[in-house]
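This is the structure alone, sequence omitted:
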């Protein structure tokens, strides 16, 4: 992130009545160093286009499994992995 979370809170407080219990979202968080990873498929595809002229990574499809995990400097999982399978919407 370009700004740390404290700077985001300070900026929000200039224009909004923020108090205890307010929920603040920062949006997707990208790495400054592309080699360290991507925040979303669209970002990865954009970087592939910049570097090679065209994206190589496809978009998600039914049946794909998506796994998100954050690891600390020691390589250990910080909060456990979140893993989901992409399935079509079931109309109710």
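Great, that's in hand. Computed from a prediction, not measured in an experiment: that's the story for all the values here.

Point out where the protein drops to low pLDDT.
Low-confidence segments of the chain, defined by pLDDT under 70: 1, 28.

Give me the distance between the spatially most central residue of it and residue 53.
By C-alpha atoms, centre = their mean, the mean C-alpha position of the chain lies nearest to residue 39, the distance being 3.6 Å. Separation of residue 39 from residue 53 (C-beta to C-beta, to the nearest Å): 22 Å. (C-beta placed from N, C-alpha, C; glycine too.)

And for residue 88?
Separation of residue 88 from residue 53 (C-beta to C-beta): 33 Å.

same check, this time on residue 72
The gap separating residue 72 from residue 53 is 36 Å, by C-beta to C-beta.

Strands of this structure, residue ranges please.
In the chain, the strands defined using DSSP state E lie at 65-68, 82-85.

so what secondary structure elements neighbour the first one?
If I follow you right, that is strand 65-68. Under the contact criterion of 3 or more C-beta pairs under 8 Å, 6 or more residues apart in numbering; DSSP states H and E, strand 65-68 touches strand 82-85.

Distance from the strand it packs on to the middle of the chain?
15 Å (C-alpha atoms, centre = their mean, to the nearest Å).

do the same with stretch 7-23
What separates the centre of stretch 7-23 from the centre of its chain is 22 Å, taken as C-alpha atoms, centre = their mean.

measure it end to end?
One end of stretch 7-23 sits 15 Å from the other (C-alpha to C-alpha, to the nearest Å).

residues of it that come out buried?
By 16 or more other C-beta atoms under 10 Å, the buried positions in stretch 7-23 come out as residue 8.

List the contacts of that stretch.
Here stretch 7-23 makes contact (C-beta atoms under 8 Å, 6 or more residues apart in numbering) with 3, 24, 26.

Report the buried members of those.
By 16+ other C-beta under 10 Å, the contacts of stretch 7-23 give no buried members at all.

can you list the residues you listed in a markdown table and add distance to residue 14?
Below are the contacts of stretch 7-23 laid out as a markdown table (distance: C-beta to C-beta, whole Å):
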| residue | distance to residue 14 |
| --- | --- |
| 3 | 13 |
| 24 | 13 |
| 26 | 16 |
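
For this protein, which segments are assigned as helices?
Applying DSSP state H to the chain gives helices spanning 5-15, 41-52.
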